Structure formats: C-alpha cells, structure tokens
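> test case, fold it:
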Amino acid sequence: MPKFLLKRWYGMHMVLALSFSLLLLGILTLFHWMYGAIGMVCLIGLVLYALQAEKGFQRDLRLYLATVTHRVKKAGEGVIQELPIGILLYNEEKAIEWVNPYMTHMSGDETMIGKSLQEVFPQLVWKPEQKRLEFTYNERVYEVIVRSDERLLYFKDITDFKELTTRYHREKAALAIIHLDNLDEVGQVMDDQSRTLLSTSVAGVITEWANKHGIYLRRITADKFLALMEREALDKLEESRFDILDVVREMTADNKIPITLSIGVGAAATTYIELGQMAQSSLDIALGRGGDQCAVKIGNKLTFYGGKSNAVEKRTRVRARVIAHALRDLIHEAEHVIVMGHKQPDMDSIGASLGVLKAVQLHNKTAYIVMDEGNHSVERLMKEIYANEELAETFITPEQAIRLISGRTLLVVVDTHRPSLVIEPKLLTETSRIVVIDHHRRSEEFIEPVLLYLEPYASSTAELVTELLQYQSERLNIDNLIATALLAGIVVDTKSFAFRTGSRTFEAASFLRRNGADTAAVQRLLKEDLGQYVKRAKIIMNTETYRDNMAIAIGDPSEDYTQVQVAQAAEQLLTLSGIQASFVVAERSDDTILISGRSLGDINVQSIMELLGGGGHLTGAATQIQGISIKEATRRLKEAIDSVV
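Below you'll find the model as predicted:
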C-alpha cells in the first residue's frame, strides 16, 4: 500500500479517536475538573497530530499523481512509437502532417511528412462516407480506419488474415453427384459386351478428369458417381465451364444415342448434410432442365454450365403410367380440382388444361379452369369453347378460383413451373395439394408440388397430358373439341411437327386423331388475319445480322406487339440462310419489353434468356423486362449473347 494511503488510513482513525475522546472528556469532567483538564490537553495534542497527518496526505497525493501522470504520458508516447498499427495525421489539403514510426517503416519513406497522401499512397482513395477500406501496398494488404473529423488514418496489416481467409475458401469441401443420363436408353440398342465397354470407357474418362483436378471419385451406382473436391478445384472447373460435359458427349457422338452427363454440385454449406442436400437438389434441377449440363449451387447462388444438346426422348412409358396412377389417386382424394396455366395462356396451355379437365371428369369429380384475358392466338378456340355450354361453365376467373379453393382442393398447374408466371399466384399459397405438369427446362424459380411431371424431352404439355389420359380409363371417350385443342397445342409447339418432335409426339397425335381430333379444325384455329401477317413482316424488315450467324429484329417503338407475334417473327427469321439463332425485341401494350429467341440447336437460347430473367428450351426461349427501353433491352441482349456464345 502506498505511504500516503497509510497516512490517510491513520488520519481517518484519528478522527474516530477524536470523537471518542470528546465523549470521554465529557464523562471525566463530570467526575472531577482535574481529570477534565488533563483530557483537554490530550485532546488538543490529538487534533494537532490529525491536522499534520492530513497535510502530509495531501502533499503525498499530489506527488503520487504527478508521478503517475508522468508514467502514463511516457507509456503513451512509447505505445504510439512502438504500436504495430500505423497512425497518420493529414491536413485539409490531404498533406501528411505527422506519422508514427510504423508508417515510416511501412512506406520506407522517412521524408513523407509534408507530401500529399496521393503521392505517397496512390491507391489510397476513399469516399467521404466511408469509415473502413482495404488497399494493397508493397504486396501487403492493409485495413484503413478513416476518422475524417480528426483527419486521422489508422493502418492495420491484415495480409496474414486475408491469406488465411483465401486458404480457408480454397480448402472448403464441395460435393458433386455425376449422373450418366442415357445409359439405360443406350444399353437397349447394344449387346452386353458393347454396353460394358462403353460404360467402362466413359468411366475411365471421368476418372482421368477427376484425377487431373484432384477430385476424389467414387462410383455409387451403375450410372452415378460421387465426387468430393476442394473449393479451389471447383473454381477451376467453373473456369473451364465443366468441359467434361463436352468430352463425354463428343466421345459417344457416334452412337445412335450419345451418352451425356448431368452434374449437381453443392458448396459453401455449413454442414455436410446440407452439402449433400444441395448437391442432390442441383442434380435434380440439371435433370429437370433436360440433362447434359451442370448445376452449381454455392450458398443461394445457382449457376448452370453446358446444356448444349436437346433432352433425349425416354423410350419407356413406365413413368407416364406411374404419374397417371398417382394423379388419379389425388383426384379421388380431392374435394374438387382447379386447373391453372400461365399468364396469357397459349394453345398448349389451354389444350393441356382441357385434357386435365377431362381426366378429372372421368373420375366423376368437378373441375374448373382458371382463365385470364388470354391472347390473340387463342381467340378462335375460346369462341368455340364458350359456344359449348358445358365447357364454358368450367372456365372461371382468378377471383372465383380464390373463393372456391380450400385445403382439400387439388391445384393442377400446366405448361409452367414458375410461381411468377401462373395466372393467380395466390392460389399456390392456399393449398398444399399441387400437381405440376410441364415440358419446359427447369429454372431456379420453382413450385414445390406433391406430384411433379416435368419432362423437357416432350414437345408440349399437351403431349404429356395426352399420355396421362390414356392411363385414366380403359374406355376413354374424349370430346372432339378437347381432342382438337390438345392436338392444336402439339402442332403449335412443334411448328407443325418440324421441331422438338419425337416418336411419342406422333403416337400422342395419332391417339388424339383416333379419338376425334379434327386436323382441318386445327388449321382453322391457327389461321391469322392479314393485319397480323403484315405486322410480323414489318418486324422482320428491321433485322440486323449479329456475329455472322444470328439475326436480331427490332419492333417499331410506336407499335404494340403480342408474345405470339414476337415468337412467330423469331421462328420465321430462322428460315433465313446462314442464321443459326434469331431474336426479336419488341414492346407490349403494358410497356413491357418482350424478347423471344429461337435456334436450330447449336446455340443455347435458353441460357441467353436466363441471363435476362427468362427461360425456356435450348431451341426456344423468351423473357419479359419492365422499366427499360427497346434500345437498352437490345444492348443487354447482345451482352448476354456475348457471355454465352
């Protein structure tokens, strides 16, 4: 304990002793005045001693505080001089006024005082509102804390931390599931020895690729591999855009059906369970988009690579039969069924909706079809539907559908799987019993159904619904108008059986023809008037060639166009010599920019449209953009083309 504190302690006790002495003096005086006089003398001596002790305490306290202040000041000066953090003061003209020794050591410039910050640290630039920033100097990374009010900068070397962060990023685990898409289909047309040799050669190529990139590979089934890698390896694979997809496809190109890969990758997960779930969901998305591509999910970001070939048609109807039976069970359990397509439904959407309506009626259940304003291309079909009193009663507005829906309602979504594109998104939240039937390649935005029938190989949703109808009842009798609408949906989406047409497409069309579909009526439904033809021709007149093999047509900014007009113009541009892909940019009546893309298969227009917020198929895709001009939309389209092609 310091000496002055001891004196303070003694002084406090003297005060207590003085108080006690006064009490004792009073008592002694009562007995005899002599005793009182002696006590008074002692008391005066005690008071004098107490005053002396207090003065000594004050003197020692001042001396102690002076000593501590000196020591603190000296320690502060030492800290500033020896602190492993740079300190810099600058004036209003951003000239250096003072630095601590760390800054001199850091810059190697002992004459930096008086120089401007820009001269000494050219890369050191910050905005007025910034409080922290990072900059690199002499191959070291520094965090700079800015105190603008005091015109003060603190420099902290974080190079080791950044290197550790980079190393942590590089060494984090990433999981991939590799799937051989067409192994079963290829095996059906090959003998056992050829099939084994082909499977072995493909596995050898994949193994060689894995070893090259430092990937641990394990075959888990005949058509699946599990791959474990570090994030650094994944980054390199993304730089190469997963070239193994092209290697395997080209290696098996001589086969009647080439083998393609689908890869699902998960990374940046907090647990290995989550990592596995991300890899599996990515693979599901890649397969849902038709295969021959890789889906990489890093956190919440999903990126696609590949997708250069069309989905291979499945040669077995087992899946269609299983889905048909599951749909039948869901219909039986439902109170009633509501069928909904995408906004401004086209021939495929309405035809598929009528097909589902018929499937529900076969099981003696009530069904309704949600309809909005539609589009110009289905006016003739809707007139015939409304002329049929029984069918007309099944079409309801979105408002009526919301009032009808309940927890026991079965909602069937056709010709789309994206929540933002359905006619009434509110219906998706009112029931958990949702079925999705669609033929578009799966996008990141997705409805979570209890039953999913998504087959990108199919020509149209009408084709898928036609197959499902065949398993609903042994004695099937389809109304002529419904069969005609289904056939019209197939004809429109295949461009009269010219594109995306497989053997099952013709089988579905044959089934519909046998059940009353009228081909002459289909042609009448698809006829267009002279004004629409001329309007489309004017779009084509304003066409430019881009990158030698692509055509971009721009609609008249003073005109309004429909989605059908834009799509038809893009399809017609494909007939031009030397054109591998075509794009049409035009404006709709609600100030929305429509972009439609078509290709012959060598260029993936789906990937291009996805960069613009849309989607579709490899050979046909589209998007809608709001809040920009046609000129800006064209610029963005060209940027997307350049990044993909």
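
> for His169, phi and psi?
Backbone dihedrals for His169, given as degrees, to the nearest 10, come out at phi -60, psi -40.

> now it: closest residue in space that isn't a chain neighbour?
Excluding its sequence neighbours, the residue lying closest to His169 (C-beta to C-beta, 6 or more residues apart in numbering) is Arg231, at 5.8 Å. (Glycine included, C-beta is placed from N, CA and C.)

> quick one: residues contacting the one you found.
Remark: with contacts taken as C-beta atoms under 8 Å, 6 or more residues apart in numbering, Arg231 is in contact with His169, Arg170, Glu171, Lys172, Ala173, Ala174, Ala267, Ala268.

> ok, 10 Å please
Under the criterion of C-beta atoms under 10 Å, 6 or more residues apart in numbering, the contact partners of Arg231 comprise Tyr168, His169, Arg170, Glu171, Lys172, Ala173, Ala174, Ala267, Ala268, Ile298.

> filter these down to just the ones in strands.
Ala173, Ala174, Ala267, Ile298 (DSSP state E).

> you'd agree the first one is up against Thr270?
Read it as Ala173. No. Taking contact to mean C-beta atoms under 10 Å, the distance of 11.4 Å between Ala173 and Thr270 leaves them out of contact.

> count the residues that sit near Pro557.
Neighbouring residues of Pro557 were enumerated by other C-beta atoms under 10 Å; the total is 10.

> check contacts around the spatially closest residue to it that is not a sequence neighbour.
The shortest distance from Pro557 to any residue that is not its chain neighbour, by C-beta to C-beta, 6+ apart, is 5.5 Å, and that residue is Ile630. The contact partners of Ile630, by C-beta under 10 Å, 6+ apart, come to Ile554, Gly555, Asp556, Pro557, Val585, Ala586, Glu587, Ile593, Leu594, Ile595.

> 6 Å instead, please
Pro557, Val585, Glu587 (C-beta atoms under 6 Å, 6 or more residues apart in numbering).

> so which of Ala173 and Thr270 has more stuff around it?
For Ala173 versus Thr270, neighbours defined as other C-beta under 10 Å are more numerous around Ala173 (15 against 8).

> okay, that one: pLDDT?
Reading off the confidence values, Ala173 has pLDDT 94.

> ok, now Ala227?
97.

> which residues sit in contact with Asn604?
Under the criterion of C-beta under 6 Å, 6+ apart, the contact partners of Asn604 comprise Gly307, Leu618.

> in the stretch 251-400 of the chain, which spans are helices?
Chain-ordered helices for the stretch 251-400 of the chain, with DSSP state H, counting those that start in this stretch as the definition, fall at 272-288, 318-333, 347-362, 379-387, 389-392, 398-404.

> quick check: which of these is nearest to Arg513?
Shortest distance between Arg513 and those, using C-beta to C-beta, is found for helix 347-362: 14.3 Å.

> and the angle from the closest one to helix 318-333?
Helix 347-362 runs at 60 degrees relative to helix 318-333, counting by axes from the mean of the first three to the mean of the last three C-alpha atoms, to 10 degrees.

> with just CA atoms, put helix 347-362 into CSV.
Output of helix 347-362 as CSV, limited to C-alpha atoms (Å, rounded to 0.1, in the frame of the first residue of the first chain):
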residue,chain,number,x,y,z
MET,A,347,-52.8,-23.1,-77.3
ASP,A,348,-50.6,-25.6,-75.4
SER,A,349,-51.7,-24.2,-72.0
ILE,A,350,-55.4,-24.3,-72.8
GLY,A,351,-55.3,-27.7,-74.6
ALA,A,352,-53.4,-29.2,-71.6
SER,A,353,-55.9,-27.6,-69.2
LEU,A,354,-58.8,-29.2,-71.2
GLY,A,355,-57.0,-32.5,-71.1
VAL,A,356,-56.7,-32.4,-67.3
LEU,A,357,-60.4,-31.4,-67.1
LYS,A,358,-61.3,-34.5,-69.0
ALA,A,359,-59.2,-36.7,-66.7
VAL,A,360,-61.0,-35.3,-63.7
GLN,A,361,-64.4,-35.8,-65.2
LEU,A,362,-63.5,-39.4,-65.9
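
> picking that back up, now the contacts of Arg231 as JSON lines including distance to Ala95?
Shown next, in JSON lines, are the contacts of Arg231 (distance: C-beta to C-beta, whole Å):
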{"residue": "Tyr168", "distance to Ala95": "40"}
{"residue": "His169", "distance to Ala95": "39"}
{"residue": "Arg170", "distance to Ala95": "42"}
{"residue": "Glu171", "distance to Ala95": "45"}
{"residue": "Lys172", "distance to Ala95": "45"}
{"residue": "Ala173", "distance to Ala95": "51"}
{"residue": "Ala174", "distance to Ala95": "50"}
{"residue": "Ala267", "distance to Ala95": "48"}
{"residue": "Ala268", "distance to Ala95": "45"}
{"residue": "Ile298", "distance to Ala95": "45"}
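
> just the buried residues of the residues you listed.
Of all those considered here, the ones buried according to neighbour count by 16 or more other C-beta atoms under 10 Å are Ala174, Ala267, Ala268, Ile298.

> out of these, which comes closest to Ala227?
Of all those, the one with the least separation from Ala227 (C-beta to C-beta) is Ala174, at 8.6 Å.

> tell me what the closest one is bridged to.
When assigned by DSSP bridges, Ala174 has beta-bridge partners Met229, Ala267.

> who are the contact partners of it?
Met229, Arg231, Leu234, Ala267.

> how about the secondary structure of the third one?
Secondary structure for Leu234, judged by DSSP: H, G, I helix; E, B strand; the rest coil, is helix.

> per-residue confidence for it?
The per-residue pLDDT of Leu234 was computed as 95.

> how about it: what's its closest non-neighbour residue?
Ala174 is the one closest to Leu234 (C-beta to C-beta, 6+ apart), at 4.4 Å.

> show me where pLDDT drops low in the stretch 51-200 of the chain?
53, 56-57, 61-62, 64-82, 187-189 (pLDDT under 70).

> which residues in it form helices?
Taking DSSP H, counting those that start in this stretch, the helices of the stretch 51-200 of the chain run over residues 101-107, 117-120, 159-171, 183-187, 192-212.

> hey, what's the closest residue to Gln400 other than its chain neighbours bridged with?
Spatially, and ignoring its direct neighbours in sequence, Gln400 is nearest to Tyr368 (7.8 Å; C-beta to C-beta, 6+ apart). Beta-bridge pairing of Tyr368, defined through DSSP bridges, involves Ile338.

> which of the helices of the stretch 51-200 of the chain sits closest to Ile338?
The minimum distance between Ile338 and the helices of the stretch 51-200 of the chain falls on helix 183-187, with 36.1 Å, by C-beta to C-beta.

> other SSEs contacting the closest one?
Under the contact criterion of 3 or more C-beta pairs under 6 Å, 6 or more residues apart in numbering; DSSP states H and E, helix 183-187 touches no helix or strand at all.
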